[in-house]
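A.B. asks: Model the structure of this input:
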Amino acid sequence: MIEDTARSPDDILEEAPTTDAEAVYALVSGGTDSTTAAHVAHQSEYLDLDAVVYIDPGIGVPASRQWVQSWADSLG
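C.D. replies: Numbers count the residues shown, from 1 in each chain. As a prediction, this is how the structure comes out:
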């Protein structure tokens with residue numbers, strides 16, 4: 001039997017500061033999943049996001065890198 005262990009993003013992010021991390025990076029390919037995860041981390045009251053790092057997914061979309069750079073710059 002599989003138990004429902006789904007947790008909200010807030011539940012997960014609330015636990016993140018208890019780890020012994022020196023820095024917090026969001027790895028973003030430009031797709032909706034990684035961009036949304038980075039946005040949630042950026043908006044979290046539990047984390048201080050140090051940087052956004054572009055990850056090339058290898059699918060040949062040159063505009064993705066520029067879009068991620070522009071989006072990351074808009075975060076401040």
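
A.B. asks: Only C-alpha atoms, please: export the lowest-mean-pLDDT helix or strand in the chain in CSV.
C.D. replies: Sorting the helices and strands of the chain by mean pLDDT, DSSP states H and E puts helix 9-15 at the bottom, at a mean of 76. What follows is helix 9-15, C-alpha atoms only, in CSV (Å, rounded to 0.1, in the frame of the first residue of the first chain):
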residue,chain,number,x,y,z
PRO,A,9,6.1,23.6,-1.0
ASP,A,10,5.9,25.6,2.2
ASP,A,11,6.3,22.5,4.3
ILE,A,12,9.4,21.5,2.4
LEU,A,13,10.9,25.0,2.4
GLU,A,14,10.3,25.4,6.2
GLU,A,15,12.6,22.4,6.7
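
A.B. asks: And it, what's buried?
C.D. replies: Leu13 (16 or more other C-beta atoms under 10 Å). No exception for glycine: its C-beta is placed from N, CA and C like everyone else's.

A.B. asks: If you count contacts, what does that helix end up packed against?
C.D. replies: Helices and strands touching helix 9-15, by 3 or more C-beta pairs under 8 Å, 6 or more residues apart in numbering; DSSP states H and E, are helix 32-43.

A.B. asks: continuing past the helix it packs on, what's the next helix or strand?
C.D. replies: Later in the chain than helix 32-43, the nearest helix or strand by DSSP states H and E is strand 51-54.

A.B. asks: So what are the sheet partners of that following strand and their directions?
C.D. replies: strand 25-28 (parallel) (DSSP bridges).

A.B. asks: Name the residues that touch the partner strand?
C.D. replies: With C-beta atoms under 8 Å, 6 or more residues apart in numbering as the test, strand 25-28 has contacts from 34-35, 37-38, 41-42, 49-55, 68, 71-72.

A.B. asks: Alright, I will stop here.
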